[in-house]
Structures are given as C-alpha cells and as structure tokens.
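**Q** just the structure for this:
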Amino acid sequence: MIIPITQVVVSVLLIVLILLQERSAGLSGIFGGESGGFYQTRRGMEKLIFWGTIVLAVVFMGLAVMQLIL
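**A** The predicted model follows:
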C-alpha cells in the first residue's frame, strides 16, 4: 500500500518540476519560441530543477517496476 501512495507523491512533484522549467528550453524553441541562437548553460536553481526532474523520473520508473513485480 505504500508504493502507490509514494508513486502519487512523486508524480505530483515531477509535474511541478516540469512546469517550473523554462518554456523555451525544449522543442518549443524550435517551433517558434524565442530564438537565442547560442548555447546556454544551466546555472543555480535552473540546474537544480533540471537534475531534480531527472531523479524524480527515475524514482517514478523504479516505483512503477516495483509495483509490477510485487
């Protein structure tokens, strides 16, 4: 019973982190977003949000696999 509750909490946190990311960072920049035309490194809070999103996605996938196995 603890895995589904943890999965819901992780999914809500993952949604929040995805929505906090900059809009022009992904494919939207290709399809008419702001055209900076240069490589920009992630710094500070943006980098923390980026890595947090990756970690939560991996945790979510692990919980999904665990739920299938158990």
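
**Q** who's in contact with stretch 59-67?
**A** 3-4, 6-7, 10-11, 14 (Cβ atoms under 8 Å, 6 or more residues apart in numbering). For the C-beta atoms, the positions are set from N, CA and C on the backbone; glycine is no exception.

**Q** on the three-state scheme, Arg42 is what?
**A** Here Arg42 is coil, with the state taken from DSSP: H, G, I helix; E, B strand; the rest coil.

**Q** now it: how far from Val8?
**A** 28 Å (Cβ to Cβ, to the nearest Å).

**Q** which one's more surrounded, these two?
**A** Taking other Cβ atoms under 10 Å, Arg42 and Val8 do not tie; Arg42 has more neighbours (14 against 11).

**Q** next, Gln21: phi, psi?
**A** phi -70, psi 160 (degrees, to the nearest 10).

**Q** hang on, it packs against Ile49?
**A** Yes: here Gln21 lies in contact with Ile49, judged by Cβ atoms under 8 Å, at a distance of 6.0 Å.
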